[in-house]
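*Asks:* Give me the fold of what follows.
(6 chains)
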Number of protein chains: 6
Amino acid sequence: MDDPAPDVSAELPLRDVVAALESLYPLESAADWDRVGLVAGDLDQPVRRILFALDPTLAVIDEARTWGADLLVTHHPLLLRGVHSVATTGAKGASVTALVRSGIALWVGHTNADVADPGVSTVLADALGLATQRPLSTEGAYAVGRVGELPSPMRLAEFADVVAAALPATAGGIRVSGDADAQVRTIAVMGGSGDDRFDDVRASGADVYVTADLRHHPVLEAREESRGGPPFLIDAGHWATESLWLASGRERLLAALEHDPGATRVEARVSAIRTEPWTFVVGANAARADRVAPETGGVS
Amino acid sequence: MDDPAPDVSAELPLRDVVAALESLYPLESAADWDRVGLVAGDLDQPVRRILFALDPTLAVIDEARTWGADLLVTHHPLLLRGVHSVATTGAKGASVTALVRSGIALWVGHTNADVADPGVSTVLADALGLATQRPLSTEGAYAVGRVGELPSPMRLAEFADVVAAALPATAGGIRVSGDADAQVRTIAVMGGSGDDRFDDVRASGADVYVTADLRHHPVLEAREESRGGPPFLIDAGHWATESLWLASGRERLLAALEHDPGATRVEARVSAIRTEPWTFVVGANAARADRVAPETGGVS
Amino acid sequence: MDDPAPDVSAELPLRDVVAALESLYPLESAADWDRVGLVAGDLDQPVRRILFALDPTLAVIDEARTWGADLLVTHHPLLLRGVHSVATTGAKGASVTALVRSGIALWVGHTNADVADPGVSTVLADALGLATQRPLSTEGAYAVGRVGELPSPMRLAEFADVVAAALPATAGGIRVSGDADAQVRTIAVMGGSGDDRFDDVRASGADVYVTADLRHHPVLEAREESRGGPPFLIDAGHWATESLWLASGRERLLAALEHDPGATRVEARVSAIRTEPWTFVVGANAARADRVAPETGGVS
Amino acid sequence: MDDPAPDVSAELPLRDVVAALESLYPLESAADWDRVGLVAGDLDQPVRRILFALDPTLAVIDEARTWGADLLVTHHPLLLRGVHSVATTGAKGASVTALVRSGIALWVGHTNADVADPGVSTVLADALGLATQRPLSTEGAYAVGRVGELPSPMRLAEFADVVAAALPATAGGIRVSGDADAQVRTIAVMGGSGDDRFDDVRASGADVYVTADLRHHPVLEAREESRGGPPFLIDAGHWATESLWLASGRERLLAALEHDPGATRVEARVSAIRTEPWTFVVGANAARADRVAPETGGVS
Amino acid sequence: MDDPAPDVSAELPLRDVVAALESLYPLESAADWDRVGLVAGDLDQPVRRILFALDPTLAVIDEARTWGADLLVTHHPLLLRGVHSVATTGAKGASVTALVRSGIALWVGHTNADVADPGVSTVLADALGLATQRPLSTEGAYAVGRVGELPSPMRLAEFADVVAAALPATAGGIRVSGDADAQVRTIAVMGGSGDDRFDDVRASGADVYVTADLRHHPVLEAREESRGGPPFLIDAGHWATESLWLASGRERLLAALEHDPGATRVEARVSAIRTEPWTFVVGANAARADRVAPETGGVS
Amino acid sequence: MDDPAPDVSAELPLRDVVAALESLYPLESAADWDRVGLVAGDLDQPVRRILFALDPTLAVIDEARTWGADLLVTHHPLLLRGVHSVATTGAKGASVTALVRSGIALWVGHTNADVADPGVSTVLADALGLATQRPLSTEGAYAVGRVGELPSPMRLAEFADVVAAALPATAGGIRVSGDADAQVRTIAVMGGSGDDRFDDVRASGADVYVTADLRHHPVLEAREESRGGPPFLIDAGHWATESLWLASGRERLLAALEHDPGATRVEARVSAIRTEPWTFVVGANAARADRVAPETGGVS
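*Replies:* Numbering: from 1, shown residues only, chains lettered A, B, ... in the order given. Here you go, the predicted structure:
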């Protein structure tokens, strides 16, 4: 906040920014279980600097404070489960306390950002170059996930490189399940955790499903159900598949505020912090791709 | 089944093998929600060849059939959720049908194998060289997970290499969350999915928690709760952390059957198939370990 | 399977038979809690002989195996409650194992056969000679049970004889609750267990309700609610009231398959086994019909 | 109430009779879901005549009124489900209204009478001549059902005759499932509806299970589980299997009241009304005992 | 019942009175959880005297009996929770017994009377002189509560006096939460317990909410949510806010029966008993209205 | 905080104060549904001034801020229901924000203070002069409520004056249900809402039950159950019956901290704000105590 002479008459109140965000990502389009919208702050406080980040971690809040942000916009809810205490003994309480003490408001766009267009899934589908996009599924009136076509068929291994090039670099990398040499063209995508959508993916006719947070049992069952064939699976990381949306959200918000008298000097940027939890990986690709383990048991 | 003149008087009935397995891994020690014990087969059928595998996939069943196995022993249940059809239109039905048509019995030791000693967690703890082992937690009368000490403190990065060396090679590799240079000594382990045990891990005083199937939200919340310090987290893969147990189970079963008159010519081996669902990884370690992403958003 | 030279080009795949059955008895017309459709078998296996039976008991499966049936069609589900094991230690597992080992597919038409027209209730109503039939009730879009008129009024006792003559003979017989001399004409019917439909029966104006599995408390409460008058109740047996449908199902299936190239030599028959559980009855009609017991207690 | 000069000083208040009944059949021994004890009446009203009956039907209440009873003791609850109205438009309301208008109290001994000794199951076991009786099962601290031995083995058909001779005559008769010629000796009994106890019966080693209200599906599944062998099943009627207890209850109550000053002229008797709902049976034993139906379907 | 020669031909059966009541207050307009309609009596019994009261207490039933009433009409259900006994040991049983013994029928109009027009809320709104009435909220197709305008703005304290004057006198009085000098005009009303409607009240723009049974926590939270401003709250007593309806119900019933041949000599009146549970109040208005308590703790 | 030269070595950290509070009112003694303990603050922050209040309202928080309190101790939870936002748009969020911005910690002692001895109920019982106190009931290992004896019997009206004199003055006053002239001596008390304890009160033999938040239906049902006799009921106000405890809590906390080196200059006081929601009452005692209303309906 190095601005020596703020023109108070042109202050942009949080109220206006929230209204702009909620015109882009209406709260009523969020899932029933979700908790989106304003989580901290006062609608009358002025907003000068807005930080976009995937997760409201303590490090992100500190980045916001250091930069002098008045508003943090995140994709993931801080208080998805209700809290009964904001004491700093717990991380959630420490986060709330840090936000309130620093006067930083927090607004969350989660499943309402997922289903928007452009939103989390369409931004991901665009980044992968998918054409003729269509919804993977619907929830009520809203589209969930996307299915689209690559410009031309390619090997699964090539497509994995396309994904790696399209997404921000991570420590965790991108895990692939399927025949590296199989030809693929139709791609289903779902930012974040998508292992409850395998039925929709099979029904969509997709060759590959790009999502994240894939665990052993649902993935193995999906692979069994496919009898080794498509749809193949790519776990591209929760942070990586969703963080592409942040730049889109920032851009759309600034556009929405363009004609607001208080918006002339508002700044917005995407956080420089990668909130992927992984630091490094060892031993990847140590086993042969044919899924046959070295013989570990003998014959009596 | 190349045995031309079986001595029927010395046949080992499935009944005896099941009794031996259930003396080692009592069914009543399984969790309430679990489904363990005999899943296919007739207690009177003779058993000559026993295959141990982590998952009863179609490929594993085919391996059993090809080898001439009469009994498949797996860690993961085939029918954890009850089925209403065994038609081959579904993968579960196809597996049941393949087992029954080939005359292969299936016995499952899941949470009853987890809590045994030696069992899934103790075998994993032993493989990592942990001393003074103690339970991570308890469920009813049973120990769940293990906590133990490395022979001497080491860097987290070194310990990750220890884990990689101790476990079978995989495609997916081992993901680490934490400061690579931090010194660690007290290690908590839980084979398979362990992201519902972070409270126990913190209470145990562990420096590192080795488990699998770690997803973005629970891991990030656990890291926030630790404010960046220990316990650090290692996702070493569901298949890798549990498959070590198979050799132990095979060995113990053969010992338990030693004095059975029908056991003289029974064979047992561990499956050569790696049922980890991943085929290959791209882009691991592409991001700097400090979790700061390349700047993706500018200032308006 | 005494057919020496099967013309493979004319094989009828299970896929086609299932499609025909499900055009007659659509799966979506079954109740939510029900489990209908293909329970065992492979859609590509050829079908030459089809056995219709009310219950997939071990004896019925053995009859199918002996006759060389490839497909068993039953009204009652084998796996209404999901199973977690098909080991032969349990009767359900023994049945599944017997079907799979013998290569016999199983298809179930239960509540979807109940609501069809012709279906279980209409076949029963037709057998009793009921005119101007109408639904007893509805569930969603489907009719449940039937109400219709006898050609002319008759005494309840006479009508009981009509029921006995119309249904296959049983060991258990037909139990009647009501005044044997009362005149009746409007008849409600519901194949199988119907003691949860008394409100609908009273609302229908029926003089008699023909159904099965009637227990003491619901029947006595229904009789109390009627103050001794109509609707009178007839428990005609679960097997007897539903097994009439089998011939109808067989006939309709053969008609539906008529133009299928592979159907020219398919055979179908109704099982010769009565799956009513009762073997014999003693002491029926030992008490006077006026429901006054011999005095069993004295005065002190 | 033809007693010209009642000695008021010797009146027996309902309070004393209830206390005596509840010392014999403690309310706390009833199942959680049950509704036993005083259902109508005033603890201060005098009691001169007590009628015992299985069910508080309108006919039984009328019998009580006609005889001048002040108290009706029944086994089955009148208000097992709570009522929100006692208007006479419903049968429950009509019964309550009839009791209250006639000044007749109602006391119910249901599951507390089942588990008593002597109680419903022991009286039934005694009537069948069973020796070395033991509980069939337990619920909490209480015995449920009985298992005992016949003096000598006999054919199942003979035993059915024993049952018929021991129980009061009914219209519905006694249904038997099993081989008429099989030898039986160990008998399990449970008065009333017992089709939720088949696991206990198999565990007890009984050759026959005598109970009532047996429906198609549970009975057929139990017979399948037994693979046609023992335990065989006898449905001897709900009213018949439980009504034996009434005389025992009457006798024990009179004994318990013996020393009460007001009891010298109290009368008690068992109702002359059979509350079995069936009036007559047709067609019993019309089918052959081997459970093979006349062929009803042909071959195309 | 001092009527020596009743003209039986002109008897008014309960059936007709119930039909009239249910045309005014249809049972299907009651809430799902509610229990309304005929609670005691026989549709064929003649009705000569009808007593209206808010609660079917023992004193009210005695008043009905003394006056010779055949029918009691109350707003509150006697058996909202189902009863399993009508023994006089419990108050509900004593009430049922008193009604049945005295031959007094009971009909309840509860939430069906709340939503009627005129009904409980409109009668209350009319008594307070509210113009341009509109629903406070809706439940399904029915209006719940009313909002309307005073003829002119007045101080909250003045409006409290208006309420006191409009309602019957009570012992408990009328509690007010808010600034006595604030100007109020828009008034929301809900007879009986209304502390689950604060969201609707705030949405309605009301200055005051008149209802009853207001407890500490919901009221304090509502006052916090209003930051000390409107809507202010008035707890005017459950009995007082609802009992105004009784005269309306009586009048409408008599009008509805006007043309019934049996109605010429029927009498109806409103009970003279106040069923408010409070007898007297001490210490009201002992504290200053500014909600600052005398200092009760010192400084160490 | 006008202390120019704080001796940092003697600072009393919040950690110590919380430990002292939780030794007096252990968190594990709270009810399962309750939410007690530290709600806001940092265990390392120093504590100099402690304010005790019944409710954490915005006015109380402002009082704390004005006085310079570092810690607010309340009886009622701020976040009994979890919150998903602390934005100031809602009152709960505004309260959290006000606490955090002002650096005021909040600690809640609710049901753990109720069951303590001395605790909310014993302080209330002592204030009323009750001797030979005993628990009204128990929940798990903890006493709930108190029953005790007045020094001598007195009229109910006199006892109401005793209550009024013992409790802090309120606007709402004290409501009494019962015969003003009845003699009472045994008194049951329960601070706050107690209308779910009438069974315990009747079982205790109390003549009067002093509690708060009594609503029409439970009170009227309790009065009916008592047939107009004892236990009589006194609603003495939620705030009044519980606020007596605040001085006890303050005193005990200061004593517990006495030997803490940092405690020498800590101050504590009880809030001067009455958080009773009522401002004034009109029309109390307007009706005759005999509960007979002025006749409001005529005879047709």
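*Asks:* count of residues packed around the closest residue to chain D within the stretch 101-250 of chain A?
*Replies:* Residue nearest to chain D within the stretch 101-250 of chain A (Cβ to the nearest Cβ): A:Glu221, separated by 29.9 Å. C-beta: built from backbone N, CA, C; applies to glycine. For A:Glu221, the neighbour count with other Cβ atoms under 10 Å in any protein chain shown is 19.
*Asks:* With A:Ala40 instead?
*Replies:* 30.
*Asks:* check contacts around it.
*Replies:* Going by Cβ atoms under 8 Å, 6 or more residues apart in numbering or on different chains, A:Ala40 touches A:Leu78, A:Val96, A:Leu99, A:Val100, A:Ile104, A:Ala105, A:Leu106, F:Ser85, F:Val86, F:Ala87, F:Gly93, F:Thr97.
*Asks:* Surely the residue of the stretch 101-250 of chain A closest to chain D is within a helix?
*Replies:* Yes. Residue assignment for A:Glu221, taken from DSSP: H, G, I helix; E, B strand; the rest coil, places it within a helix.
*Asks:* Without its sequence neighbours, what residue ends up closest to it?
*Replies:* Computed as Cβ to Cβ, 6 or more residues apart in numbering or on different chains, the closest residue to A:Glu221 that is not its neighbour in sequence is B:Ala91, at 7.0 Å.
*Asks:* Dihedrals phi and psi, A:Pro13?
*Replies:* phi -80, psi 150 (degrees, to the nearest 10).
*Asks:* Is it in contact with A:Gly41, as I believe?
*Replies:* No. Using Cβ atoms under 8 Å, A:Pro13 is not in contact with A:Gly41, being 10.6 Å away.
*Asks:* picking up where we left off before, which of the contacts of A:Ala40 come close to chain B?
*Replies:* When Cβ under 8 Å from any Cβ of the partner chain is applied, no member of the contacts of A:Ala40 is adjacent to chain B.
*Asks:* Which one (most neighbours) among those?
*Replies:* Most surrounded of the contacts of A:Ala40: other Cβ under 10 Å gives A:Val96, at 31 neighbours.
*Asks:* Return the residues in contact with that residue.
*Replies:* A:Ala40, A:Leu78, A:Leu79, A:Val83, A:Val86, F:Val86, F:Val96, F:Val100.
*Asks:* Stretch A:167-186 close to chain B?
*Replies:* Yes. Using Cβ under 8 Å from any Cβ, a contact is recorded between stretch A:167-186 and chain B, made by A:168-180.
*Asks:* thinking again about what came up before, A:Pro13 and A:Gly41 - which one has more neighbours?
*Replies:* Using other Cβ under 10 Å, the more surrounded residue of A:Pro13 and A:Gly41 is A:Gly41, with 28 against 16.
*Asks:* With adjacent residues omitted, what lies nearest to that one?
*Replies:* Using Cβ to Cβ, 6+ apart, the closest residue to A:Gly41 is A:Ala105 (2.5 Å).
*Asks:* can you check A:Asp16 too?
*Replies:* The nearest residue in space to A:Asp16 (Cβ to Cβ, 6+ apart) is A:Asp260, at 5.5 Å.
*Asks:* I'd assumed A:Leu12 was in contact with the one you found.
*Replies:* Yes. Counting by Cβ under 8 Å, A:Leu12 is a contact partner of A:Asp260 at 6.1 Å.
*Asks:* Right, I'll leave it there.
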